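>>> sequence and predicted structure, then a few things I'm wondering about:
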Amino acid sequence: MDVLYFAWVRERVGRPKDNLQTGAETVRDLVNELREKEERYAAAFADLDALRVAVDQELADFDAPLKNAREVAFFPPMTGG
Amino acid sequence: MDIRVQESPFDLGAEANAFAVKQTGMGALVTFTGIVRDLKGGDLDTMEIEHYPGMTEKAIEKIANEALSRWSLGDVLIIHRYGKLHHDEVIMMVATAARHRADAFQGAEFLMDFLKSRAPFWKKEVTADSTDWVAAKDEDEDALSRW
């Protein structure tokens, strides 16, 4: 599964993308796995209220299932326009 | 529907005009333009706009389709830039065409409200001695609830 990071999430994690083998059933499970990985991930994912998530390029919530998901992205609230 | 996500600048007048001349039977055309605003101290060096290639286009298309289904719009144009911009540069534009102005105005406002907080762009303000990600405003999120 590709896991993408944008804006300050990318800066805190220190890379734009990971390719992971994961058994995570939901986004929240994946977040918990990432937090365990390294301190910089724990820092990036410290406050879920400050984060948004997309599963296969559609906005989702943290309880969304990851079955068959190919791409998950984490980022701060969007500031377009 | 014409949606473009691009790094390069565009000619606002030429785009508005090209959009206008390709319409038939439309009595109203509204355009909105977003411009990079300098910081209060006047020291903005660049605004860096990051986006999520692939999702950005899909998210904007979804927003545009929603506008087309809610109002009687003949056509929609959305251009949004990314990359490094300077103050007073044009970031983005939307244009709507409709038979009557109420649809054109409301459609354009709806598009802007959703592009602000549902299209995956992130802005960073860079000055000589700081770099700050622009925080999303609560009022922008609240603006969605009126639709």
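Thanks, I have it.

>>> around chain B, pick out the residues from chain A.
A:4, A:6-8, A:54, A:57-59, A:73, A:75-81 (C-beta under 8 Å from any C-beta of the partner chain). Any C-beta I mention is one placed from the backbone N, CA and C, and that applies to glycine too.

>>> residue contacts, the residue nearest to residue B:109 when sequence neighbours are not counted?
In this structure, residue B:109 finds its nearest non-sequential neighbour in residue B:32, 8.0 Å apart by C-beta to C-beta, 6 or more residues apart in numbering or on different chains. The contact partners of residue B:32, taken as C-beta atoms under 8 Å, 6 or more residues apart in numbering or on different chains, are B:93-95, B:108-109, B:111-112.

>>> swap the cut-off to 6 Å and go again
By C-beta atoms under 6 Å, 6 or more residues apart in numbering or on different chains, the contact set of residue B:32 is B:94, B:108, B:112.

>>> mind pulling up the pLDDT for it?
Predicted confidence (pLDDT) at residue B:32: the value is 98.

>>> pretty sure it sits in a strand.
Yes - judged by DSSP: H, G, I helix; E, B strand; the rest coil, residue B:32 forms part of a strand.

>>> beta partners for it?
residue B:94 (DSSP bridges).

>>> related to what we said a few turns ago, next, format the contacts of residue B:32 as TSV and append pLDDT and distance to residue B:102.
As requested, these are exported to TSV (pLDDT from 0 to 100; distance: C-beta to C-beta, whole Å):
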residue	pLDDT	distance to residue B:102
B:94	98	16
B:108	98	11
B:112	97	16
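
>>> how much space is there between the most far-flung residue of chain B relative to its centre and chain A?
Here the centre of chain B is the reference, and by C-alpha atoms, centre = their mean the most remote residue is residue B:129, at 28.8 Å. To chain A, residue B:129 is 17 Å away according to C-beta to the nearest C-beta, to the nearest Å.

>>> could you look up the SS state of that residue?
Reduced to three states by three-state DSSP, residue B:129 is coil.

>>> quick one, phi/psi of it?
Here is the backbone geometry of residue B:129 (degrees, to the nearest 10): phi -130, psi 20.
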